[in-house]
Every structure is written in C-alpha cells, then in structure tokens.
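> dropping a prediction and its sequence here:
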Amino acid sequence: MQISKAEVLKRIKPDWKVLDIGGWEDPLPRANVVLDINPYETRKRRNSEEPELFTADTWLIGDICQRSTWLRFGEKEFDYVICTHVLEDIRDPLFVCEQLNRVAKAGYIECPSRFRECAKANVGDLHNGYDHHRWILDIVDGELSFTAKLHWANFFDFIGDQRPYLQDYQAHFVSVFWQGSFNYYERFPKGELMESAELFRFYGKYEYYKTKFIFEITDGLVSPKVKTGSMLWVTEFKLPIELEPPDVREAFVQRARAEKQKLGRRRSLLDWSPWVFGRHRLQLVRAGMRKLRAILRSGRFGAVRRLWVEMRQRISFPLAGRNRD
C-alpha cells in the first residue's frame, strides 16, 4: 500500500465486517473475508506477527470478473472493502467497481498512478510502468476514469527529466477512500498520436509538489458527472492537451511525431539484425575481415573489390525485391 495499513485500519471500527479483494499478495489481517483466485495455503504473509481474522473457510476462491462469484454476497453486506493493486490487472474493472459499490458501505482502493504506469523506471527499459497491467487509472473530478493501457503507453521514454521523482514511493500510486459510493467509467483512447502527445505534456508540465495522490469520495453515485459504468467515446471528452493553447498543443504533437519517426528508423535497423548478426553470417564476416587485413598488409588493393563481391554472394544480404531467406 502507498499509505500505512494503520491509516486504513483507523477508519475501520472493531465490530465491522471487512472484505479484502485480491489480497493474496499481501492480505489484510483485519479482513474477515478474502476473495482471491489463489488458494488460502499459498497466501503471502508479510505481517506474520499479526493475527488473521479470516480463516481457510472465509478465504473464498473465484474470478472476480464473473458475476457468479459475487452472488454469495448480499447488498451492503460488508462495512468496509479493501481493493488494492487489483483493478489495473483485471479484464473488467468496471464490473468489479459495480460490485464493490453493491456489497460494501465504504472502502479503500489503490492503483499505480499515471505518473508511474507510463514511465520507464530506467532509461533502457523495454516497457513503461508494469508490463502486466491493462489499465491506467485517473481520478477526474472525483470519479474513477479507466483508460486501456495500449501500445502507445510503451512507445517512448515520456518521463525524461522527471525520473528522479520515481525515487519517492508516493508518486507511484493513487489512493481513494470512499464512503457510501463512488462513480466509475471508461474512456476510449484518442489514438496513438494524441495519447503520446498528452503523455509528453503530462510529464513535461508535471508539478510534483502540487499533485494530489490521496482522494476522498463520498456518495459518488448520488449525482455522477459521467454516466456510471459507461464508456466515453472520443467526442465526449477532451484530453488536457486539447485544452492547451494551439501553439502549445502543436508543439507536443510535433514532438510525438518526431519521436515516432526516430522509433521507426531504429526499428528498421533492427529488422536487418537477424541477417547482419546471425551466427553463420557473423562467422563469414569475421573470416572476411581476416582476409581484408591480409590483403591490406600485402598491398594487393585490387583484391579488395573481389573480396567484397565474394562476401556479398556468400552472406546474401537482403536487397530490394529479394526474399529474406
């Protein structure tokens, strides 16, 4: 958790019934019931000194994205529900949010922040954030907004000079304490160019000390700003970059275009690597270099052209119109 368990526990009264969703990695000892896809015996106990209120009988196994899993719970059966580092992993977070609202009166939700999910922890990383995560969670006007984490989220090293902030663990997560209910929805991505430009804007204008990481939501379903559980189409919302002055917006769009062109050139070079650096061809290249050195030492410079023709024929580099093996 981003915050201490003590901060969560002080909001839970002694006689409350508590549900922990997906708690296998770090189950909350205070939970009376745990729902996870993994069995009780394999759970990780990071706080082995704390007594667990749940037992093998109240450790329930099931797929939380299936409706049948939740039928065992009644309306507002639980006083409190914990759901940390789960929603970003699963195939249907909107359905799970619906069930959290249905079975509990209050709760705590935690997911990686956009700042962490779209950032390379190290310059050489192949992916941004966590490679197994499916969703990016933003809190927009006090409501949970989910965006599918698609290929564009891993294209570039968006974070750049802001990377030192990743040393602060707080920047990694977004936390939501909710009471009564909370609203949730999905927004459709606006394409790789605009989404990439928005991430360049997001990190380029990021104000760490003004950024909010912990949110309090009360009765979010009473008067939701966006239809609960809906999917916003691209014409129904604006990205922050679209609210920028035209010259600022265009600058970030052009940067995204330029980075994409550079990426394309790097990939075209990588396309050649199997033929340039394959083991067999690498051996031929080394043999050719030994011959070339011998030719240069002997002064028979006319033989260089013959060696080049020989190497071309033996290595068979791919040329236009020729099949690559």
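Okay, I see it.

> and the strands in the stretch 151-300 of the chain?
For the stretch 151-300 of the chain, the strands defined by DSSP state E, counting those that start in this stretch cover 173-179, 184-187, 214-218, 231-232.

> as a markdown table, those with mean pLDDT would be great.
Converted to a markdown table, those look like this (pLDDT from 0 to 100):
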| stretch | mean pLDDT |
| --- | --- |
| strand 173-179 | 96 |
| strand 184-187 | 98 |
| strand 214-218 | 96 |
| strand 231-232 | 96 |
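
> closest to Arg91 out of those strands?
strand 184-187 (12.1 Å; C-beta to C-beta). For glycine as for every other residue, the C-beta is placed from the backbone atoms N, C-alpha and C.

> what sits up against the closest one?
The contact list for strand 184-187, computed with C-beta atoms under 8 Å, 6 or more residues apart in numbering, reads 93-94, 97-98, 143-148, 226-232, 237.

> look up how far Phe73 lies from Met1.
23 Å (C-beta to C-beta, to the nearest Å).

> quick one: stretch 105-115 to chain centroid distance?
Put simply, stretch 105-115 sits 14 Å off its chain's centre (C-alpha atoms, centre = their mean, to the nearest Å).

> coming back round to it: so for Met1 and Phe73, which sits in the more crowded spot?
Phe73 (18 against 15; other C-beta atoms under 10 Å).

> that one against Asn101, yeah?
No - Phe73 is beyond contact range of Asn101, at 12.0 Å (criterion: C-beta atoms under 8 Å).

> shared neighbours of the two, anything?
Joint contacts of Phe73 and Asn101 (C-beta under 8 Å, 6+ apart) do not exist.

> any of the contacts of strand 184-187 buried? List them.
93-94, 97-98, 143-147, 226, 228 (16 or more other C-beta atoms under 10 Å).

> a markdown table for these, including pLDDT and secondary structure?
Shown next, in a markdown table, are the buried ones among the contacts of strand 184-187 (pLDDT from 0 to 100; DSSP: H, G, I helix; E, B strand; the rest coil):
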| residue | pLDDT | secondary structure |
| --- | --- | --- |
| Pro93 | 98 | helix |
| Leu94 | 98 | helix |
| Cys97 | 98 | helix |
| Glu98 | 98 | helix |
| Glu143 | 98 | strand |
| Leu144 | 98 | strand |
| Ser145 | 98 | strand |
| Phe146 | 98 | strand |
| Thr147 | 98 | strand |
| Val226 | 97 | coil |
| Thr228 | 98 | coil |
